[in-house]
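Asker: Build the 3D model from these lines:
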Amino acid sequence: MARYGPQFGPDITFLGVDRCDWADASTFADADVVILGAPFDGGTSHRSGTRFGPQYIRQTCYLPHDGSRPSLALRVDGLRDLRVYDAGDVEMYSGDAERSVRDLQAAVHAVARTGAIPLILGGDHTIAWPDAAGVAQHIGQGRVSMIHFDAHADTGDIDFGSLIGHGQPMRRLIESGALRGDRFLQLGLRGYWPGPETLAWMAEQGMRSYEMTEIVARGLDECLTEAFAIATDECDGVFLSVDIDVCDPGHAPGTGTPEPGGFSARQLLDAVRRIAYELPVVGVDVVEVSPPYDHADITSFLANRVVLEALSGIARRRRDAADGTVWDPHQPLLDGR
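Answerer: Okay, the predicted model is just below:
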């Protein structure tokens, strides 16, 4: 059966990188990273529109779409120092959640089993279940830890009579055995959900959830350092899942369930850079960008930069490993030029 192709918007790749076909490994045989679009918002509980997220994350940038982005911070070009391909959108019909998550997991696994890092553009947070499960299918059940940025825990059980939704993927990952609860790190939680019963379930699994009050009191860097030690213990890789609503709505208004009091854009970008540089990242997703609610593309710009920070950090980590060097973030921009 012929594939549908790009589901929403123009048939473009992320900032002009080369395209490939996730179903044909020969088209990305030399890939370090393969980008997949997951235009699904069938699991949304409030405001929809994230099906348009992949298109906007790919295109929202004021610079040429020339497949190059030199990082001022890290002095690497994440789109050229790494071999990055874009496989386009996985066909995901928002009216059939079961089929959509099954097909996305197959696509993610097809990429991961080649050794490339799958980087998935959502879509609502439902997709984290097939994303991380597809990576664990290759690396091993329980061998991948999760660092999860979000305003919400996403550990609900049954919502609207369904096991599949954007408030439940983390529970599905743990219950299925794909990921271990005690290697699940959440940062940025706040607000008024979930309730005591769900929090008790999270505690039983050994999850570590950093609510914003703790992050403010201790400092984000200290919390990240603690989380890194847990994430790398008895695991072979880290999956990074970024729900854009981890940021305060003033920094990311275009999202389905905005919760005041979150990260600044600067905090999120710095944290993603640290994770990609310091940890063995084996998969990434960026989710919950809802363009219909996004004034002046503020949220899409931020999500685009989250992707670039992740790629730049991975590229810098690999360069330092090859050269035997260690990046110094205190180095002035023009030193050595």
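
Asker: which other residues reach the strand or helix carrying residue 198?
Answerer: Taking DSSP states H and E as the definition, residue 198 sits inside helix 196-205. With Cβ atoms under 8 Å, 6 or more residues apart in numbering as the test, helix 196-205 has contacts from 153, 155-157, 171, 174, 181-182, 184, 194, 209. Glycine gets a C-beta too; all of them are placed from N, C-alpha and C.

Asker: rerun at 10 Å
Answerer: 153, 155-157, 167, 170-171, 174-175, 179-182, 184, 186, 193-194, 207-209 (Cβ atoms under 10 Å, 6 or more residues apart in numbering).

Asker: Mark which of those are part of helices, please.
Answerer: When the contacts of helix 196-205 are checked against helices using DSSP state H, the ones located there are 170-171, 174-175.

Asker: top of those residues by neighbour count?
Answerer: Note: the member of those with the most neighbours is residue 170, at 28 neighbours, neighbours being other Cβ atoms under 10 Å.

Asker: show me the contacts for that residue.
Answerer: Contact partners of residue 170, counting by Cβ under 10 Å, 6+ apart, are 125, 128-129, 132, 146, 148, 150, 152-156, 179, 181, 184, 186, 202, 205, 207, 241.

Asker: Distance from the chain centre to the longest helix along the chain, please.
Answerer: Of all segments of type helix in the chain, defined using DSSP H, the longest is helix 298-323. With Cα atoms, centre = their mean, to the nearest Å as the basis, helix 298-323 stands 12 Å off its chain's centre.

Asker: Which strands or helices does it pack on?
Answerer: With contacts defined as 3 or more Cβ pairs under 10 Å, 6 or more residues apart in numbering; DSSP states H and E, the packing partners of helix 298-323 are strand 33-38, helix 53-59, strand 84-89, strand 117-122, strand 237-243, helix 265-278, strand 281-287.

Asker: quick check: mean pLDDT across it?
Answerer: Computed over helix 298-323, the mean pLDDT rounds to 98.

Asker: Please apply the same query to stretch 241-248.
Answerer: Stretch 241-248 shows an average pLDDT of 98 in the prediction.

Asker: Spell out which residues sit in contact with the closest residue to residue 287 other than its chain neighbours, please.
Answerer: In space, not counting the residues next to it along the chain, residue 287 is nearest to residue 122; the distance is 3.3 Å by Cβ to Cβ, 6 or more residues apart in numbering. Residue 122 sits next to 36-41, 50-51, 53-54, 57, 92, 104, 128, 131, 166, 241-244, 285-289, 303 when contact means Cβ under 10 Å, 6+ apart.

Asker: again, only this time at 8 Å
Answerer: By Cβ under 8 Å, 6+ apart, residue 122 lies in contact with 38, 40, 50, 53-54, 285-289.

Asker: what do you get for residue 312?
Answerer: Neighbours of residue 312 in contact, by Cβ under 8 Å, 6+ apart: 69, 71, 73-74, 76-78, 273, 276.

Asker: quick revisit: quickly name whichever of the ones in helices among the contacts of helix 196-205 is closest to residue 23.
Answerer: Proximity to residue 23 was ranked across the ones in helices among the contacts of helix 196-205 by Cβ to Cβ; first place goes to residue 170, at 28.1 Å.

Asker: tally of neighbours for the closest residue in space to residue 292 that isn't next to it in sequence?
Answerer: On the basis of Cβ to Cβ, 6+ apart, the spatially nearest residue to residue 292 that is not a chain neighbour turns out to be residue 49, at 4.0 Å. Using other Cβ under 10 Å as the criterion, residue 49 is surrounded by 19 other residues.

Asker: now swap in the one 10 residues further on and tell me
Answerer: Counted with other Cβ under 10 Å, the burial measure for residue 59 works out to 18 neighbours.

Asker: for residue 62, same thing?
Answerer: Neighbour count for residue 62, taken as other Cβ under 10 Å: 6.

Asker: And it, what's its pLDDT?
Answerer: 97.

Asker: could you check the distance from it over to residue 305?
Answerer: Distance from residue 62 to residue 305, counting by Cβ to Cβ, to the nearest Å: 12 Å.

Asker: any weak-confidence spans in this structure?
Answerer: Along the chain, segments meeting pLDDT under 70 span 1-5, 160-161.

Asker: 50 instead, please
Answerer: Per-residue confidence of the chain (counting by pLDDT under 50) places the weak regions at 1-2.

Asker: Nearest the middle, which residue of it would you pick?
Answerer: Closest residue to the average C-alpha location of the chain: residue 285 at 2.2 Å, with Cα atoms, centre = their mean.

Asker: Nearest residue to residue 86 in space, please, no chain neighbours.
Answerer: Ranked by Cβ to Cβ, 6+ apart and with sequence neighbours excluded, the top spatial neighbour of residue 86 is residue 13, at 3.7 Å.
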